[in-house]
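> Next comes the sequence, and after it the predicted model I'd like to discuss.
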Amino acid sequence: MTPTDPIIQPAAHTADSASASGPTPSRRAFLARSGGTAAALALPAPFIHAQPAKLKVGMMLPSSGAFAALGTAINNGFKMAVAERGGKIGGREIEYFTVDDESNPAKAPENTNRLVQRDKVDVLVGTVHSGVALGMAKIARETGTLLLIPNAGADDITGPMCSPNIFRTSFSNWQPVHPLGKVMAERGHKTAVWISWKYAAGDESGASFKQGFERAGGKVVKELGLPFPNVEFQPLLAEIAALKPDAVACFFAGAGAAKFVADYAAAGLKDKIPLYGSGFLTDGVLQAVQAQAQGLMTTLHYADSLPSARDKEFRTRYAVAYKMQPDVYAVQGYDTGLVLAQAMEAVKGDFGNKQGLIKAMEGVKVDSPRGTWTMSKAHNPIQDIYLRRVEGEQNKYVSVAWKALADPARGCKLG
Ligand code: PHB
């Protein structure tokens, strides 16, 4: 459908109630072109609005639980990208449908189906937790719904489960920690303990760290884990103290990350055994644990003080709009909005042009606050990974740990 297809509706009729249970865009277009036109001729002029249908976006993010703040930042970032375009993308206003996924994989099928089957969204945006995203990706593959993933790193989604209609705008779990092992080995650490939650994100980050550290000559002497979102770290910290590795590396995020940083310091380990992690350990949590986090070094595809005008301008506008500092999650949400907007502009708002949309997303070059990135053949960002150090309330940029890192995308048959 073209963005100028007329949608016929009485002036008092709200777009929300008209489209929440209405036909899909292509069906709306079909109706507008056939029976709709005859009805329009019979209506007095004030009742005729030539405006494109709203694009229905299903936001499936956590607004409760350990990752609630991450969901909020993604939502803020996405909406900021839309606001920069006057509230429209590809000339179309947006109608949002939201679901709190609670970072609960068991509820993923029901929550995703609510958006896909009941609300009939055009695009799904979500989510944070890898286990929930795996459930979303399964349904997106089955139904052909366009899915944009603004965080969850589950390797399989851009590996064996990759699909033409699924794009990730964040990272794969393999990516941010892959350079960490090399960094730690270069800093003279020969042995390390890995610790994380036992689920896809923790396990895959651990495997990637081990690969990088051992290739660089180090040895992972023990892998410790606890179920998500458990934060009873004491017994594991006692085990670390007994093992006495040269260093510890971890994946934790959100409220659990803040608790881990605090507990690590409280156990007296911070000054004895250096703690490293993927940057999720210290992103978005520094207000809560600033003192205990000072000096921690992490790797991630964003830092708070990147030497770029683009990032500075983004950070200023975000802080003004939301009265808080942006973090990696805000950037990922923002980039998701940029990718969708660029693709919608490429097809001139014609969401029915699926091939055109997919082609535009595959060829996207994102002028992101994190630095310019491109989409891999498996639909995952090819991006720089930074080494950062906590100073004050910021994850300060130290250096580029790995330039233009692409996920290996094992098992993906696209492209
Ligand atoms: C994930 O589950 O994939 C995940 C969650 C939170 C993060 C990063 C990855 O910060």
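That came through fine.
> from here on, contacts and neighbour counts on C-alpha atoms
Will do.
> show me the contacts for the closest residue to residue 356 other than its chain neighbours.
Taking C-alpha to C-alpha, 6 or more residues apart in numbering, and ignoring the residues beside it in sequence, residue 356 has residue 347 as its nearest neighbour in space, at 6.1 Å. Residue 347 is in contact with 90, 353, 356-357, counting by C-alpha atoms under 8 Å, 6 or more residues apart in numbering.
> Can you report phi and psi for residue 347?
When read as degrees, to the nearest 10, the backbone of residue 347 gives phi -100, psi 10.
> Can you tell me which residues in this structure are near the ligand?
Contact residues, the chain versus the ligand (C-alpha under 6 Å from any ligand atom): 128-130, 152-154, 201, 253, 280.
> try it again with 8 Å
When proximity is defined by C-alpha under 8 Å from any ligand atom, the chain lies next to the ligand at 67, 70, 128-131, 133, 151-154, 172-173, 199-202, 252-254, 280-281, 329.
> Show me these that map onto helices.
Under the assignment DSSP state H, the residues of the chain next to the ligand contribute 70, 130-131, 133, 200-202, 254, 329 to helices.
> Redo those residues as JSON lines? Include neighbour count and pLDDT.
Below are these laid out as JSON lines (neighbours: other C-alpha atoms under 10 Å; pLDDT from 0 to 100):
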{"residue": "70", "neighbour count": "27", "pLDDT": "98"}
{"residue": "130", "neighbour count": "26", "pLDDT": "98"}
{"residue": "131", "neighbour count": "20", "pLDDT": "98"}
{"residue": "133", "neighbour count": "30", "pLDDT": "98"}
{"residue": "200", "neighbour count": "19", "pLDDT": "98"}
{"residue": "201", "neighbour count": "22", "pLDDT": "98"}
{"residue": "202", "neighbour count": "23", "pLDDT": "98"}
{"residue": "254", "neighbour count": "20", "pLDDT": "96"}
{"residue": "329", "neighbour count": "26", "pLDDT": "98"}
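> Show me the two of those residues that sit farthest apart.
Using C-alpha to C-alpha, the pair of these lying farthest apart is 200 and 329, separated by 18.7 Å.
> List the buried residues for stretch 214-229?
By 16 or more other C-alpha atoms under 10 Å, the buried positions in stretch 214-229 come out as 214, 216, 218-220, 222-226, 228-229.
> Need the residues you listed in JSON lines (columns: secondary structure and pLDDT).
Below are the buried residues of stretch 214-229 laid out as JSON lines (DSSP: H, G, I helix; E, B strand; the rest coil; pLDDT from 0 to 100):
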{"residue": "214", "secondary structure": "helix", "pLDDT": "98"}
{"residue": "216", "secondary structure": "coil", "pLDDT": "97"}
{"residue": "218", "secondary structure": "coil", "pLDDT": "98"}
{"residue": "219", "secondary structure": "strand", "pLDDT": "98"}
{"residue": "220", "secondary structure": "strand", "pLDDT": "98"}
{"residue": "222", "secondary structure": "strand", "pLDDT": "98"}
{"residue": "223", "secondary structure": "strand", "pLDDT": "98"}
{"residue": "224", "secondary structure": "strand", "pLDDT": "98"}
{"residue": "225", "secondary structure": "strand", "pLDDT": "98"}
{"residue": "226", "secondary structure": "strand", "pLDDT": "98"}
{"residue": "228", "secondary structure": "coil", "pLDDT": "97"}
{"residue": "229", "secondary structure": "coil", "pLDDT": "96"}
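> of those residues, closest to the ligand?
Lowest distance from the ligand to these (C-alpha to the nearest ligand atom) belongs to residue 228, with 9.5 Å.
> residues in contact with the closest one?
197-199.
> Quick one: residues contacting residue 203.
Applying C-alpha under 8 Å, 6+ apart to residue 203 gives the contacts 196-197.
> Actually, residue 248.
Neighbours of residue 248 in contact, by C-alpha under 8 Å, 6+ apart: 192-195, 273-276.
> That one bridge partners, please.
residue 193, residue 275 (DSSP bridges).
> pLDDT wise, what is it at?
According to the prediction, residue 248 has pLDDT 98.
> do the same with residue 14
28.
> repeat for residue 21
Reported pLDDT for residue 21: 33.
> can you check residue 51 too?
If you check residue 51, the pLDDT there is 78.
> Go ahead and report the secondary structure state at it.
coil (DSSP: H, G, I helix; E, B strand; the rest coil).
> Distance-wise, check it relative to the ligand.
Distance, residue 51 to the ligand, using C-alpha to the nearest ligand atom, to the nearest Å: 39 Å.
> burial of that residue, as a residue count?
15 (other C-alpha atoms under 10 Å).
> now residue 268
Neighbours around residue 268, by other C-alpha under 10 Å: 12.
> Which element, helix or strand, includes it?
Using DSSP states H and E, residue 268 sits in no helix or strand.
> in stretch 256-270, what's buried?
256-265, 269-270.
> Kindly reformat those as a markdown table containing secondary structure, pLDDT and distance to residue 240.
As requested, the buried residues of stretch 256-270 are exported to a markdown table (DSSP: H, G, I helix; E, B strand; the rest coil; pLDDT from 0 to 100; distance: C-alpha to C-alpha, whole Å):
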| residue | secondary structure | pLDDT | distance to residue 240 |
| --- | --- | --- | --- |
| 256 | helix | 97 | 18 |
| 257 | helix | 98 | 17 |
| 258 | helix | 97 | 18 |
| 259 | helix | 98 | 16 |
| 260 | helix | 98 | 13 |
| 261 | helix | 98 | 14 |
| 262 | helix | 98 | 15 |
| 263 | helix | 98 | 13 |
| 264 | helix | 98 | 10 |
| 265 | helix | 98 | 13 |
| 269 | coil | 98 | 9 |
| 270 | coil | 97 | 12 |
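> Dump those residues into a markdown table; add distance to residue 382 as well.
Formatted as a markdown table, the buried residues of stretch 256-270 follow (distance: C-alpha to C-alpha, whole Å):
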| residue | distance to residue 382 |
| --- | --- |
| 256 | 28 |
| 257 | 26 |
| 258 | 29 |
| 259 | 31 |
| 260 | 30 |
| 261 | 29 |
| 262 | 33 |
| 263 | 34 |
| 264 | 33 |
| 265 | 35 |
| 269 | 35 |
| 270 | 33 |
